[in-house]
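[1] sharing a sequence plus its predicted fold:
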Amino acid sequence: MSELLRAGAVMLSESCPICSLPLFKLKSGEVICPTHGRVQIVKSDEEILSITTTASLDELERVTVSAINKLRKELEDSDVSENDIDVVKELSAWLEILERIRRLKIIIRHSDKAQR
Ligand SMILES: [Zn+2]
């Protein structure tokens, strides 16, 4: 490990999936375990970030869609009343969120492709 550090490698917060020793990032950008050498699972900080961001957007999208469904049912079940205006406003806010989530996902997908 000290050899790696002397060579300018940086210790990462991620650990080896096999021996759970801390992983090191070499100057070349390669991620290695002191015992097992090159580790494929962790490719780059950017990729980890984009994977976790996508996962959290997926979760947010799921919550948003279920909120939209709930409001849609509310509209279906109610007689036309002044209450509906609030429901429609809320629905419109959720749809805006959904639109943003989907736009962000497209942006992430494109930037992933650009890195490869
Ligand atoms: Zn290892």
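    Received, thanks.
[2] tell me where the model's unsure across the protein.
    40-44, 80-83, 112-116 (pLDDT under 70).
[3] show me where it has helices.
    2-6, 45-77, 83-115 (DSSP state H).
[4] nearest to R38, out of those helices?
    Of all these, it is helix 2-6 that lies closest to R38, at 12.7 Å by Cβ to Cβ. C-beta: built from backbone N, CA, C; applies to glycine.
[5] give the buried residues for the closest one.
    L4 (16 or more other Cβ atoms under 10 Å).
[6] ok, the spatially most central residue of the chain - contacts?
    Geometric centre of the chain, nearest residue: T53, 1.6 Å, by Cα atoms, centre = their mean. With contact set as Cβ atoms under 8 Å, 6 or more residues apart in numbering, T53 has these partners: I108.
[7] just to revisit the earlier point, how about the helices of the chain, which one is nearest L12?
    Taking the helices of the chain one by one with Cβ to Cβ, helix 45-77 is closest: 8.2 Å.
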